[in-house]
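Enquirer: With the sequence up front, the predicted model follows.
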Amino acid sequence: MAARREFLFVCLLSFMAHTISQEDYCKCCETGLQIGQYFCVSPKIDLDTQSECDCDPYTRMTNVTCYPIPKVKCNNTEVSNSSFFYRQSRCRYVTGQRYNYYVAISLSLFLGIFGIDRFYLGYPAIGLIKLCTAGFFFIGYVIDFVLITTQIVGPADQSDYYTPFYGPALYRLTPGNLNQ
């Protein structure tokens with residue numbers, strides 16, 4: 001019942017977004033509003049992959065529709081209630097070949113000494129080396145477990161791990177993405 005209400009709410013919001021004319025698009029809102037002066041609608045979620053629809057696989061960003069809160073001013077001009085703008089939001093890119101995060105951790109913990117975790121993630125050469133050297137003499141096994149658990153090592157196809165629910169994800173901070 002709750003899922004049906006959410007579906008109807010999303011349909012209503014998408015209908016409202018299509019009926020709003022382009023004159024209501026607020027260019028000033030994109031750069032002139034501070035956090036807390038607007039709210040954004042949650043992106044559409046693909047029920048099969050539990051990730052955002054329209055996620056760009058290269059930038060890992062998607063556009064979400066945002067609305068200013070009532071009676072907010074942008075450049076000393078009050079913004080109308082029907083104004084909207086788009087913000088870029090981070091997203092998870094999950095391919096059709098889904099690599100389950102929990103399976104990867106389990107394989108790394110129990111069979112990582114034999115390299116099975118690396119075979120699962122699509123790294124057969126490293127998996128073979130781990131198999132022949134007993135997990136790089138046990139040190140590589142421990143290091144790999146930490147790297148897979150913290151999601152530093154991911155699937156070889158550069159997609160994100162599949163999780164069976166939509167929710168918070170772990171993002172690594174690098175010098176290039178501190179402000180996103």
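Expert: Received the coordinates, thanks.
Enquirer: Only C-alpha atoms from now on, for both contacts and neighbour counts.
Expert: Fine.
Enquirer: Pull the number of nearby residues for residue 148.
Expert: 20 (other Cα atoms under 10 Å).
Enquirer: for it, helix, strand, or coil?
Expert: With DSSP: H, G, I helix; E, B strand; the rest coil as the basis, residue 148 sits in helix.
Enquirer: give me every residue that touches it.
Expert: By Cα atoms under 8 Å, 6 or more residues apart in numbering, the contact list for residue 148 reads 104-105, 108, 154.
Enquirer: Ok, residue 63 next?
Expert: By Cα under 8 Å, 6+ apart, the neighbours of residue 63 are 43, 86-89.
Enquirer: Can you name the helix or strand that residue 28 falls in?
Expert: helix 27-32 (DSSP states H and E).
Enquirer: got the contact list for that helix?
Expert: By Cα under 8 Å, 6+ apart, the list of residues contacting helix 27-32 reads 68, 74-75, 84-87.
Enquirer: Give the burial count for residue 67, as a bare number.
Expert: Residue 67 - counted by other Cα under 10 Å - has 21 other residues nearby.
Enquirer: What is the burial count for residue 83?
Expert: 19.
Enquirer: brain fart, residue 128
Expert: With other Cα under 10 Å as criterion, residue 128 counts 17.
Enquirer: what's the answer for the one 5 residues further on, then?
Expert: Residue crowding around residue 133 was assessed by other Cα under 10 Å; the count is 15.
Enquirer: Look up how far residue 109 lies from it.
Expert: Distance from residue 133 to residue 109, counting by Cα to Cα, to the nearest Å: 17 Å.
Enquirer: Need the contacts of residue 148 in CSV (columns: distance to residue 144, neighbour count and secondary structure).
Expert: Putting the contacts of residue 148 into CSV (distance: Cα to Cα, whole Å; neighbours: other Cα atoms under 10 Å; DSSP: H, G, I helix; E, B strand; the rest coil) gives the following:
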residue, distance to residue 144, neighbour count, secondary structure
104, 11, 23, helix
105, 10, 21, helix
108, 7, 25, helix
154, 11, 20, coil
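Enquirer: among those, which two are most distant?
Expert: 108 and 154 (12.2 Å; Cα to Cα).
Enquirer: Grab the longest strand from this protein for me.
Expert: Ranked by number of residues, the top strand in the chain under DSSP state E is strand 61-68.
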